[in-house]
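Participant: Could you look at this predicted model? Sequence included:
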Amino acid sequence: MKVSRRKFSKGMVLAATGVAVAGRQALAQLKGEHIDTTAKAKHPVPSIQDTETKAERDARLHWFREARFGMFIHWGLYAIPAGRWDGKEVPSTGEWIMNTASIPVADYKALAPQFNPTEFSAERVVSLAKTAGMKYIVITAKHHEGFAMFESKADPFNIVEATPYKKDPIRALASECRKQGIKLGFYYSQDQDWTAPGGAAYKTGDHKPPTYHWDPAQDGSFADYLHKKCIPQLEELLSNYDEAPAILWFDTPTSDMTPELGSEVVKVLNKHPKLIWNNRLGGGYAGDTETPEQFIPPNGYPGKDWESCMTMNDTWGYKSGDNNFKSAETLLRNLIDIASKGGNYLLNIGPKATGEVPQPEVERLEAMGRWLSVNGEAIYGTTPTLFGAEAGEFSKTEKEKDGSPKFVDAWKWRSTTKANEIYIHLFEWPGGSFKLDSVPRTVTGAYLLADGKPLEVKHTGNGVEVALPAKPLDSVATVLVLKTA
Ligand code: H79
C-alpha cells in the first residue's frame, strides 16, 4: 500500500487532537504530563520507586542528575529505506516508515538480509559522545519495528541471526563505554512491536481499530508477545552486558499494557536495583523520569527528574532527505536552557545503514563539545536557576491549541547554580555591565569562566552590577561566574 500525504495528514490530526483514548494517553506522555500519580495503589507489584527511601533514590539517580547531557541513538533496519519506500518520500520520522507506509511484515523483514553496517565503529561513536561532552548514551536495542539490534536467543529477528553482519553492536558499545567511562542505556519498545504476532501498534492514525494492525501477520495475543518476546529480551539485555544498562528507556505504552502485564515487566526490573527507567512503561507505573519529547518544559518539572529528548533535524531514524538541521548555537542554548531548569538533554543521532554517523551531526556535536570543554563547569552537577523570569513568561493573550496560556521564551540569559557559584550564561551581550536587581546570596566576586579575570562587582541594594569587557568571549554563550557565600 502506498501512502498519500492526505492520508498521513489525517493521522497527524487524529493524533494531535487525541481522538483515540490510548493515543491521547501516549500524547499526554510525550507532552511530559504525569499519567497517573496515584498509580502506586493500582499496580499489583510495587516497583523500586514505591519502596525505596528518598536517600536511596538520591543515590540511585545521583549520576543521572549530574550528567545533564546524553546521546540518543536511533538505529535499526529503517536506516536502509532512510525515509523512502516504493520510490517515494514517506512523510513521517524515519523509524516510523513501516507503519506510515503500511509495509507488510514479510516485506519489512526482507530488509534484514540487506543490513550490513560494516562502517560502524563503537570506538568512534563513544569517542564522539565523549568529545561532545555527553555523559551517557541510550541506544535503540529494539524500536517499534521489532528488530533486535543485539544477539537474542528469545527471537530470531535480530542482527546476529538475520543479517550478514552477524555481530552484536550493542556488545561492542557496552565494552567501549566501559573502556571510555561513559554510561550506556537501552531503549526498548516494550509495547509496540510491528513484526511480532500480538505486538501492539499505536492506536491512532489510518489503520483500523481495535488493533490498528495493517497485516494479519501482526495479529495475536499481546500477553503472549509480552511473555515470549518482550520479557525474555529484556532479561537478555539486563544480564548479557555487564554493568549495562544504566537506563531502560521504554516508549509509547498503549492500553494493551495493563497494570497486571506491566507488573510482569516490573518483577524483572526489580532485580536490578541500580537501574533507572522512564515514565513510559505503562500499566500505571510512574517510573523515574519525565520524558518531554521534542520540547523543553517552560518551568521544568520542579522536584522531579526529567530529560528532554530531541532530534537535531526532524527525524530520529536516519532519513536521507532530511537536512533540516538546527544550528549548533540552537542546540547549545537548548542544553543550557534545560540545565537551568534542572533537566537532562538527550540529543539524538541517527546513523546510516552503513553504520556511519551523518556528518552534520558530527559537526554539531564537536561544536557543542568545544563550548563544554571551556564552560562545562556551569552545566554538569549544577542545580536550577535561583531566578526564573529570565526564561520567559506566559502570554496574557496568546493561547496554546489546548487553550492554556502560551509560554513565550526569552533568550537573553540563563542561570545554573552550585553551592558557591551562580553561573549566568549570557546569550546577548549587555553593553558595559550585567545587572541583577535581586540576588538571594551574598556575591563575593565575579569573573568570566573562559578567562578567569576578576571583574568589578557593585552592590546595589539586594542586587549586583558586574562590569563586563566590551565583547563576549563566545558568541553562543559567555558564562559569567558569581562567587557566592
Ligand atoms: O523513538 C522516537 C519516536 O519514534 C517515538 N519516541 C521517540 C523517542 C515515538 N513513537 N511514537 N511517538 C513517538 C508518538 C507518535 C506520534 C505519531 Fe506519528 C503521530 C504517530 C502518528 C502520528 C510521528 C508522525 C510518527 C508517525 C507520524
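Facilitator: Now that the structure is in, tell me what you want to look at.

Participant: If you tally nearby residues, what's the number for residue 398?
Facilitator: Residue 398 has 10 neighbouring residues, counting by other CB atoms under 10 Å. Any C-beta I mention is one placed from the backbone N, CA and C, and that applies to glycine too.

Participant: cool, and residue 178?
Facilitator: That count, for residue 178 with other CB under 10 Å as the rule, works out to 16.

Participant: can you tell me which residues contact the residue located most distally from the centre of the chain?
Facilitator: No residue in the chain sits farther from the centre than residue 461, which is 42.3 Å out by CA atoms, centre = their mean. Residue 461 makes contact with residue 437, according to CB atoms under 8 Å, 6 or more residues apart in numbering.

Participant: do you know how far it is from residue 432?
Facilitator: Residue 461 is 19 Å from residue 432, where distance means CB to CB, to the nearest Å.

Participant: Equivalent analysis for residue 313, please.
Facilitator: From residue 313 over to residue 432 the distance is 39 Å, taken as CB to CB.

Participant: Among those two, which residue is more densely surrounded?
Facilitator: residue 313 (21 against 11).

Participant: my read: the more buried one touches residue 322, true?
Facilitator: Yes - counting by CB atoms under 8 Å, residue 313 touches residue 322, with 4.7 Å between them.

Participant: Kindly confirm my reading that residue 345 forms part of a helix.
Facilitator: No - read with DSSP: H, G, I helix; E, B strand; the rest coil, residue 345 is strand and lies in no helix.

Participant: Quick check: closest non-adjacent residue to the residue of the stretch 301-450 of the chain found nearest the ligand.
Facilitator: Here the stretch 301-450 of the chain gets closest to the ligand at one residue, residue 316, 4.4 Å apart by CB to the nearest ligand atom. Computed as CB to CB, 6 or more residues apart in numbering, the closest residue to residue 316 that is not its neighbour in sequence is residue 74, at 3.9 Å.

Participant: residue contacts, the one you found?
Facilitator: Going by CB under 8 Å, 6+ apart, residue 74 touches 94-95, 140, 143, 187, 316-318, 348-350.

Participant: cutoff 7 Å now
Facilitator: 95, 140, 143, 316-317, 348, 350 (CB atoms under 7 Å, 6 or more residues apart in numbering).

Participant: How much space separates it from residue 180?
Facilitator: 21 Å.

Participant: Please apply the same query to residue 169.
Facilitator: In terms of CB to CB, residue 169 sits 16 Å off from residue 180.

Participant: okay, those two: which has more neighbours?
Facilitator: More crowded of residue 169 and residue 180, by other CB under 10 Å: residue 169, with 23 against 13.

Participant: burial count for the closest residue to that one other than its chain neighbours?
Facilitator: The spatial neighbour of residue 169 that comes closest, neighbours along the chain excluded (CB to CB, 6+ apart), is residue 120 at 5.7 Å. Look at residue 120: counted by other CB under 10 Å, it has 21 neighbours.

Participant: Would you agree residue 120 is in contact with residue 355?
Facilitator: Yes - the pair residue 120 / residue 355 is scored as a contact, 2.7 Å apart, by CB atoms under 7 Å.

Participant: any common contacting residues for the two?
Facilitator: Counting by CB under 7 Å, 6+ apart, nothing touches both residue 120 and residue 355.

Participant: And the contacts of the lengthiest helix in the chain?
Facilitator: Taking DSSP state H as the criterion, the chain has its longest helix at helix 359-375. Helix 359-375 is contacted from outside by 128, 131-133, 312, 325, 328, 331-332, 335, 349, 379, 449-450, 474, 476, 479, using CB under 7 Å, 6+ apart.

Participant: Which of the residues you listed fall within helices?
Facilitator: Counting by DSSP H, the contacts of helix 359-375 place 128, 131-132, 328, 331-332, 335 in helices.

Participant: Flag every buried residue along the longest helix of the chain.
Facilitator: Buried positions in helix 359-375, judged by neighbour count with 16 or more other CB atoms under 10 Å: 361-362, 364-365, 367-372, 375.

Participant: Show the subsequent helix or strand relative to that helix.
Facilitator: Using DSSP states H and E, the helix or strand that directly follows helix 359-375 along the chain is strand 392-399.

Participant: what does the stretch 151-300 of the chain put close to the ligand?
Facilitator: Contacts of the stretch 151-300 of the chain with the ligand, taken as CB under 6 Å from any ligand atom, map to 202, 204-205, 251-252, 293.

Participant: Among those, which one lies nearest to residue 232?
Facilitator: Closest approach to residue 232 among these (CB to CB): residue 251, at 18.7 Å.

Participant: Please list all residues in contact with that closest one.
Facilitator: Here residue 251 is in contact with 187, 189, 280 (CB under 7 Å, 6+ apart).

Participant: Go again with 6 Å.
Facilitator: Counting by CB atoms under 6 Å, 6 or more residues apart in numbering, residue 251 touches 189, 280.

Participant: Report pLDDT for it.
Facilitator: Confidence at residue 251, expressed as pLDDT, is 98.

Participant: for residue 42, same thing?
Facilitator: 74.

Participant: cool, residue 12 as well?
Facilitator: pLDDT recorded at residue 12 is 33.

Participant: all helices for the chain, in order.
Facilitator: Counting by DSSP H, the helices of the chain are 5-17, 21-30, 48-51, 54-67, 97-100, 105-109, 122-132, 159-162, 169-180, 222-225, 231-239, 259-269, 328-340, 359-375.

Participant: and this protein, what are its domains?
Facilitator: Domains of the chain are assigned by automatic domain parsing as 5-378, 389-484.

Participant: is residue 148 in a bridge, and if so with what?
Facilitator: Taking DSSP bridges as the rule, residue 148 bridges to residue 142, residue 158.

Participant: Pull the number of nearby residues for the residue of the stretch 301-450 of the chain closest to the ligand.
Facilitator: Neighbours of residue 316 (other CB under 10 Å): 27.
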